[in-house]
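Engineer: Sequence first, predicted model second:
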Amino acid sequence: MSQIKRLVLDVLKPHEPTMIDVASAIGDIRNVDGVNMSLYEVDQQTENVKITVEGTDVDYDLVLRTIENLGGVVHSVDEIIAGKRIVEEEETLHDRG
Amino acid sequence: MSLNLEAGRYVILGSVDGLLATLGIIVGVSVTTAQNSVIVSAAFGGAIALALTNGLGSYLAESTIEYGKLSITEKSLLRDLSDTYIESQTRRKIIRDAFSSGAASFIGSLVPISPYLFSVGSPIASVSLSLSSLVVLGVYAGYLSKRSYIISIIKMVGLGALIVIAVQLLRIGHLVR
């Protein structure tokens, strides 16, 4: 299995624990170098956040377990970068149109 | 801060309950007897019963409300939150609040009893000490609510005085003579 370098997740979470708590908990996972978390929708009981995790060898199962333990639900994996180096998405003619 | 407020609610509730109910017992029983041992026994019995009922009552009420809140969150998330960090925090909060309530009630109860433990017991000493403690509780309530300390103190002491007057006027002790 090649190493996961970047993981972008769409997550639904309760207001408590806060984004700070969740980001810190993910940041504490081994091989995680950094976490970005942004809020894009707030409801009465929940909030939708986009979580970007980068590292040398991100353990997806551990990230998933951490989010679920904090009450979150992973709706989708929106982007994944794996392998020896980070490969960014290339713009195609279709995207330009 | 919200944690302090939550704990503060049970500290005030338990202390006021323990303090005033025990003071009521002391004032009521002292109408029938001047024997310190009888007054202390009745007051201690009341203090222990109050601590247990306040603790258990808070536990039952908090369990109902907190698990109700958790189930609303579960519905929104479309998932079960059993064995998660959130559930463990909920359990901790329930136990902490129940303990705060029971312990505050017992400590509050000791205030009107304490003059009798140091052989200077009289209803007047208990009332004076209790009203002084209510001043301290009033300051604490004012600090938590960020409102006027004076109004908080007046409310607390007024409540205490009202209970002493009510027990005195009813003269419940005479009914059991």
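Structural biologist: Arrived safely.
Engineer: ok, now how distant is the closest residue to A:Glu89 other than its chain neighbours from A:Ile4?
Structural biologist: Ranked by Cβ to Cβ, 6 or more residues apart in numbering or on different chains and with sequence neighbours excluded, the top spatial neighbour of A:Glu89 is A:Glu79, at 7.8 Å. Quick note: C-beta positions are derived from backbone N, CA and C, even for glycine. Computed as Cβ to Cβ, to the nearest Å, the A:Glu79 to A:Ile4 distance reads 11 Å.
Engineer: number of nearby residues for A:Val63?
Structural biologist: The number of residues packed near A:Val63 is 22, by other Cβ atoms under 10 Å in any protein chain shown.
Engineer: wait, isn't it in contact with A:Gly55?
Structural biologist: No - using Cβ atoms under 8 Å, A:Val63 makes no contact with A:Gly55, being 9.5 Å away.
Engineer: list residues touching both of the two?
Structural biologist: A:Ile29, A:Val32 (Cβ atoms under 8 Å, 6 or more residues apart in numbering or on different chains).
Engineer: residues in chain A within reach of chain B, list them.
Structural biologist: A:12-14, A:16-17, A:43-46, A:68-73 (Cβ under 8 Å from any Cβ of the partner chain).
Engineer: Now the buried members of the residues you listed.
Structural biologist: Buried members of the residues of chain A next to chain B, scored by 16 or more other Cβ atoms under 10 Å in any protein chain shown, are A:Leu12, A:Lys13, A:Pro14, A:Pro17, A:Thr46, A:Glu68, A:Asn69, A:Leu70, A:Gly71, A:Gly72, A:Val73.
Engineer: Please produce a markdown table containing those, extended by pLDDT and secondary structure.
Structural biologist: Below are these laid out as a markdown table (pLDDT from 0 to 100; DSSP: H, G, I helix; E, B strand; the rest coil):
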| residue | pLDDT | secondary structure |
| --- | --- | --- |
| A:Leu12 | 96 | strand |
| A:Lys13 | 96 | strand |
| A:Pro14 | 95 | strand |
| A:Pro17 | 93 | coil |
| A:Thr46 | 94 | strand |
| A:Glu68 | 95 | helix |
| A:Asn69 | 95 | helix |
| A:Leu70 | 96 | coil |
| A:Gly71 | 94 | coil |
| A:Gly72 | 95 | coil |
| A:Val73 | 95 | strand |
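Engineer: out of these, what pair is the most spread apart?
Structural biologist: Of all pairs drawn from those, the greatest distance, 16.5 Å, lies between A:Thr46 and A:Asn69 (Cβ to Cβ).
Engineer: what residue ranges in chain B score low on pLDDT?
Structural biologist: B:1-3, B:171-177 (pLDDT under 70).
Engineer: Most remote residue from the middle of chain B, which is it?
Structural biologist: Distance from the C-alpha centroid of chain B, by Cα atoms, centre = their mean, peaks at B:Leu78 (38.9 Å).
Engineer: My read is that A:Tyr40 contacts A:Asp78, right?
Structural biologist: No - counting by Cβ under 8 Å, A:Tyr40 stays clear of A:Asp78, with 11.7 Å between them.
Engineer: can you map out the strands along the chain?
Structural biologist: Since no chain was named, I'll use chain A. Assigned by DSSP state E, chain A shows strands spanning A:4-14, A:32-42, A:46-55, A:73-82.
Engineer: try chain B instead
Structural biologist: Counting by DSSP E, chain B contains no strands.
Engineer: All set now, cheers.
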